[in-house]
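Asker: Fold the following for me, if possible:
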Amino acid sequence: MVKSRSVFVCQNCGASYPKWTGRCDNCGEWNTLVEQAPISQGKSVVAKSATSGRALTPQTMNSIEIEESTKRMPSGYDDLDAVLGGGILPGGVILMAGQPGIGKSTLLLQIASEIGKRESVLYASGEESASQVKLRAERLGANTREQLHFVASTSADDIAATIRSKAYKLVIIDSIQTLSLDEITSAPGTVSQITNSSNVIIRAAKEVGAAVVLVGHVTKEGSIAGPKVLEHLVDVVLQFEGDRYGGFKVVRAVKNRFGSTNEAAIFEMYEQGLRVVENPSAALLAERQNADGSVVLATLEGTRPLLVEIQALVNPTSFGYPKRTASGFDLNRLNLLIAVLERRTKLNLSDKDIYINVVGGLKLNDPAADLAICMAIASAAAGKILGDELVVFGEVGLGGEIRSVHSADRRVAEAKKLGFTKAIAPKAAATNSFIKGVGDIRQALIDYLQ
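Answerer: This is a model prediction of the structure:
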């Protein structure tokens, strides 16, 4: 009898090969092939499906009735509910990913504690023992919830069976990379285990209408570990960002079938757990000193206006090649803005080291930060101080022109709330005396850095 040969499956893209090779020809990744047991010989799955399927009975949209059980469960945090689209939807599957130690397990245990006041909740951990989770629960004040239950298991089959028991309205699984199915021989965390385990969990959740939250690990590059199909399978993908050692932590939705992806929830870590930052703008500007290179930017985190300090330091370089460093801002965009400043103004920055810092550990993706970055660099290079009463926002084009940005009225309202009296902004946004419109970067520097 001929012995069936094993196959080697790429853990990045799922391609299979008859023998091991160092590099996957399909996706180009190195050292991702893992040996797995062969698929049983016989009639192919495609051939079997030709005779095993049954005709389905479709419904019209008018005939579909919305069940009462689809009422959302509040998480206990209004900002997080806004990110989720109004709360946790029964039958919905949420994937939360973030760097190790940033607070994923802490936040989910706090959510489980809040929902445990009203509904039955199951917290399943494949990474920690019951005593370890109990210590965290005591610190967070979640150990007194009678409807909050805990299991330590790495079996996807057992957890799916527990979900099908209909005993729990919310199930939190920490984490999906630790689960495995008995029928699959590969190790937990491989492509086949993650894909099949998540499918089993999702199918069980949809059958009984239980909400499931999956914790996902991330790779060194910051993407969610495992196949990309995992993000397509779930209903909501939450990204937990920020500095794990301090500063603000931001939860935003990368994908949301039930709501917008423009919202963001801002948290801060304390000894008793994570708390929502009620007024992040005031907290970010509390220790600001108005020195050269310091500019206040009116930005948006999702749809939420936020005032943040941009700091720039310009220093003569000691080497032949000037250094550019950015914390919280895209380095390629910084190099582009420096080139625009040199070409469109009289600033000479070719022999200067330039350092940019966004205070509070935030990462800016807002195009409106361009003007603030440029003015901070010019302020630091010229040794000129921008006025205390000024906030700045606007996108800078390659011609040096200042382009309009969205939600200018919301940015201005936040600035007024914190006592600012003027805003340097694009001319298109200058609808009242509060906003001082500028047409190009040169005009902005001449008018406000003299």
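Asker: what are the ranges of the helices in the stretch 101-250 of the chain?
Answerer: 104-115, 130-140, 156-164, 191-208, 229-233 (DSSP state H, counting those that start in this stretch).
Asker: Tell me which of those helices lies nearest to residue 82.
Answerer: helix 104-115 (14.4 Å; Cβ to Cβ). C-beta here means a position set from N, CA and C on the backbone, and glycine is covered the same way.
Asker: what residues does that closest one touch?
Answerer: With contacts defined as Cβ atoms under 8 Å, 6 or more residues apart in numbering, helix 104-115 is touched by 73-77, 80, 88, 96-98, 121, 123, 128, 133, 136-137, 140-142, 145, 148, 169-170, 172, 174, 213, 215, 240, 251, 267, 269, 273-274.
Asker: Just the buried residues of those.
Answerer: 73-77, 80, 88, 96-98, 121, 123, 128, 133, 136-137, 140, 142, 145, 148, 169-170, 172, 174, 213, 215, 240, 251, 267, 269, 273-274 (16 or more other Cβ atoms under 10 Å).
Asker: what about the closest residue in space to residue 302 that isn't next to it in sequence, neighbour count?
Answerer: The shortest distance from residue 302 to any non-neighbouring residue, by Cβ to Cβ, 6 or more residues apart in numbering, is to residue 264 (3.8 Å). Residue 264: 21 surrounding residues under other Cβ atoms under 10 Å.
Asker: Could you list the domains of this protein?
Answerer: Listed domain ranges for the chain are 1-41, 72-278, 282-448 (source: automatic domain parsing).
Asker: Make JSON lines out of the ones you listed and add mean pLDDT and distance to residue 66.
Answerer: Output for those, formatted as JSON lines (pLDDT from 0 to 100; distance: least, Cβ to Cβ, whole Å):
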{"stretch": "domain 1-41", "mean pLDDT": "78", "distance to residue 66": "36"}
{"stretch": "domain 72-278", "mean pLDDT": "90", "distance to residue 66": "12"}
{"stretch": "domain 282-448", "mean pLDDT": "91", "distance to residue 66": "27"}
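Asker: want to throw these into a markdown table with distance to residue 53?
Answerer: Listed next are the domains of the chain as a markdown table, based on distance: least, Cβ to Cβ, whole Å:
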| stretch | distance to residue 53 |
| --- | --- |
| domain 1-41 | 20 |
| domain 72-278 | 18 |
| domain 282-448 | 44 |
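Asker: In stretch 237-249, which residues are buried?
Answerer: Applying 16+ other Cβ under 10 Å to stretch 237-249 flags 237-243, 247-249 as buried.
Asker: ugh, wrong one, stretch 344-353
Answerer: Those would be 344-345, 347, 349, 352-353, for stretch 344-353 by 16+ other Cβ under 10 Å.
Asker: Then stretch 77-93?
Answerer: Neighbour-count burial for stretch 77-93 [16+ other Cβ under 10 Å]: 77, 79-85, 87-93.
Asker: which residues sit in contact with the residue most central in space within the chain?
Answerer: In the chain, the residue lying closest to the centroid (Cα atoms, centre = their mean) is residue 239, at 2.3 Å. Going by Cβ under 8 Å, 6+ apart, residue 239 touches 97-98, 251-254.
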